[in-house]
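Enquirer: Okay, predicted coordinates and the sequence, questions at the end:
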Amino acid sequence: MEKQEIRTFGRRHGKKISARQQWLIDNILPKISPLNESDNTVKILEIGFGSGEHLRELANQNPEKIIVGAEPFMNGVASLLSAITNITTNEVLSEYKNIRIFADDVRDLLRNTDSKFEQIWVLHPDPWPKAKHEKRRLLNAEFLKLLSNHLTNSGEIIIGTDHWEYFDWIQQELQKTNLKFSTPDIATIHTRYQEKNKAGTIAPKYLVIKN
Ligand SMILES: C[S@@+](CC[C@H](N)C(=O)[O-])C[C@H]1O[C@@H](n2cnc3c(N)ncnc32)[C@H](O)[C@@H]1O
């Protein structure tokens, strides 16, 4: 029997999804699956996009590239679907036609595609701060190696977190791999999680990882 994988995310469902959002999940989501995409297109991946603010920025900044988002939290997926579709026709807006959504664990996506990405973003991954939950942390050495197999030659993984202990922990995990990494200062990237933390004013730290 296959080993049961440890779950790295919290809830899959939050408050009730609206009728329009459910329609979008049933009718639009299957049409924009990254698994329908050819492996040869230039792609960027965002893991755990939350409500998709940063993913939409990526789509705007890179109209010629395919932007893939993976997120198992269905309310976040529903928010993104609402934001990228026309409220009257429910069609995907022209500026977001390059977005593809995988509404589940990114590890299932990566095992089912040979696609390579020129950037892989992970912003504010769940830090699982309690010692007994440490095994739930997504960015362990095994996962970082899986990600590195999906990078293009010059591709990079960009991680941002305001949980400094998790930031140090990821660097220890990186020491168990052959990956190269740096810790540059990047201008603050806005995501919903980051906005919520405004009062806390804990600056996010960033890691850029390459093969
Ligand atoms: C703290 S939230 C941050 C959301 C967003 N990046 C932001 O900054 O607002 C972390 C997100 O990672 C997602 N996540 C956790 N494990 C994941 C996995 N294995 N695959 C994809 N997403 C995952 C969670 O569902 C959650 O929405």
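Expert: Alright, I've got the coordinates. Numbers count the residues shown, from 1 in each chain.
Enquirer: ok and the residue in this structure nearest the ligand?
Expert: Of all residues in the chain, the one sitting closest to the ligand is residue 48 (2.4 Å; Cβ to the nearest ligand atom). Heads up, the C-betas are built off the backbone N, CA and C, glycines and all.
Enquirer: what's the burial count for that residue?
Expert: The number of residues packed near residue 48 is 23, by other Cβ atoms under 10 Å.
Enquirer: Isn't it up against residue 127?
Expert: No - using Cβ atoms under 8 Å, residue 48 is not in contact with residue 127; the gap is 11.8 Å.
Enquirer: quick one, helices of the protein?
Expert: 19-27, 53-61, 74-84, 106-111, 141-148, 164-175, 192-196 (DSSP state H).
Enquirer: Would stretch 7-22 count as contacting the ligand?
Expert: Yes - judged by Cβ under 6 Å from any ligand atom, stretch 7-22 comes into contact with the ligand at 8-9.
Enquirer: Ok, stretch 115-122 next?
Expert: No - for stretch 115-122, no contact with the ligand is found by Cβ under 6 Å from any ligand atom; the gap never falls below 7.7 Å.
Enquirer: Stretch 145-158 now?
Expert: No - contact of stretch 145-158 with the ligand (Cβ under 6 Å from any ligand atom) is absent, the minimum separation being 10.9 Å.
Enquirer: Which strands or helices does the longest strand along the chain pack on?
Expert: Determined from DSSP state E, the single longest strand within the chain is strand 151-161. Other elements packing on strand 151-161 under the criterion 3 or more Cβ pairs under 8 Å, 6 or more residues apart in numbering; DSSP states H and E are strand 117-123, helix 141-148, helix 164-175, strand 205-210.
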